[in-house]
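# Coordinates for the following, if possible.
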Amino acid sequence: MNHLNDMALFVEVARARSFRKAAEALGMPNSTLSRRISELEKAIGLRLLHRTTRKIELTEAGQLYYERSKRIVDEARLAHEQLGAMLEQPSGVLRVSLPVDLATLYLTPIIGDFARHYPGITFEFDLTPRRVDLAEPFDVAIRIGKLEDSSLIARLIGRHSRHLYASPGYLEASGEPATPAELAEHECICMPRTPTWTLHQGMNKVDVGVRGRFTLNSVGMIRALAVDHQGIALLAEKIVAEDVASGRLRRILPEWQGSSVSIHAVTETRLVPAKTQRFVEFLSSRLMEA
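Sure, this is the predicted structure:
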């Protein structure tokens with residue numbers, strides 16, 4: 001790798017026919033540049049430059065080396081320029097695995113905004129509750145909650161705070177709980193394997209055993225059932241913002257909140273294409289500020 005760096009330095013000296021001018025263009029000391037070229041000549045085993053007090057000339061070997069090296073250096077420079085342009089306006093197909101409810105209830109307008117920012121990207125989304133294998137292949141998977149596979153690279157891109165909500169119709173018929181303990185007496189719309197809700201009030205924490213007629217693994221349907229007066233739901237604030245604004249749902253026990261839910265972007269490696277990098281950064285900027 002050092003030889004490739006020194007090759008680029010040699011090309012600059014050969015173009016300028018001057019160590020001083022080349023050093024100024026490169027932003028490095030003249031003595032350092034001269035030493036690096038001498039080390040390159042020793043590594044090659046041939047003299048590349050005739051040095052005099054007035055000027056520098058290429059030897060026969062130096063001329064051949066310059067012609068070959070110039071093409072390599074120019075190609076490398078062009079590659080860096082093209083990669084820079086790709087970072088600014090990435091393109092290609094972006095394959096993403098997304099949780100169904102998060103995508104349909106919250107991420108769709110954010111993704112639409114991202115698509116307008118990067119018109120060169122096309123999208124293939126897989127909306128599924130299953131934990132996909134990134135080798136299928138997907139560029140990135142967006143996952144909610146606890147991560148299980150430690151072999152993957154996960155970046156925290158957001159957190160959703162959760163609160164308790166019920167419809168005015170349900171509260172009128174069943175009453176409104178005044179304490180977390182009273183939730184045990186109400187119809188609660190639950191996720192599978194979560195018979196206990198952990199609620200926080202500042203430094204205080206309480207675990208409440210909950211029950212209800214409905215147990216399901218769809219946030220969208222939990223929200224719809226709550227709007228339909230079927231019980232109390234523990235949901236992310238952003239998911240029900242429109243329902244609260246319209247009066248279809250009302251926040252209850254407002255001084256208490258559920259444990260926040262983390263959102264991660266998961267990839268197989270840290271070295272991801274520009275399209276993936278921009279997508280993850282865009283989601284993070286929107287979800288973290290939310």
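
# looking at it, residue 143 is touching residue 263, isn't it?
Yes. Counting by C-beta atoms under 8 Å, residue 143 does reach residue 263; the two are 7.4 Å apart. C-beta: built from backbone N, CA, C; applies to glycine.

# residue ranges for the helices of the stretch 51-200 of the chain, please.
60-88, 100-102, 108-117, 168-174 (DSSP state H, counting those that start in this stretch).

# Would you mark the buried spots in the longest one?
Across helix 60-88, burial judged by 16 or more other C-beta atoms under 10 Å covers 62, 65-66, 69-70, 73.

# Return the per-residue confidence for the residue nearest to residue 17 when sequence neighbours are not counted.
In space, and not counting its chain neighbours, residue 17 is closest to residue 56: 5.1 Å by C-beta to C-beta, 6 or more residues apart in numbering. pLDDT, residue 56: 85.

# ditto for residue 163
97.

# what pairs with it across the strands?
Beta-bridge pairing for residue 163 (DSSP bridges): residue 235.

# residue contacts, it?
Contact partners of residue 163, counting by C-beta atoms under 8 Å, 6 or more residues apart in numbering, are 234-235, 237, 251, 254, 256-258.

# can you check residue 23 too?
With C-beta under 8 Å, 6+ apart, residue 23 has these contacts: 29-30, 32-33.

# Strands of this protein, residue ranges please.
Using DSSP state E, the strands assigned to the chain run over residues 49-51, 56-58, 92-98, 121-127, 140-144, 153-166, 188-189, 196-201, 204-209, 232-236, 250-252, 257-267.

# could those be laid out in JSON lines, adding distance to residue 223?
Listed next are the strands of the chain as JSON lines, based on distance: least, C-beta to C-beta, whole Å:
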{"stretch": "strand 49-51", "distance to residue 223": "74"}
{"stretch": "strand 56-58", "distance to residue 223": "74"}
{"stretch": "strand 92-98", "distance to residue 223": "18"}
{"stretch": "strand 121-127", "distance to residue 223": "17"}
{"stretch": "strand 140-144", "distance to residue 223": "15"}
{"stretch": "strand 153-166", "distance to residue 223": "8"}
{"stretch": "strand 188-189", "distance to residue 223": "9"}
{"stretch": "strand 196-201", "distance to residue 223": "16"}
{"stretch": "strand 204-209", "distance to residue 223": "20"}
{"stretch": "strand 232-236", "distance to residue 223": "6"}
{"stretch": "strand 250-252", "distance to residue 223": "13"}
{"stretch": "strand 257-267", "distance to residue 223": "15"}
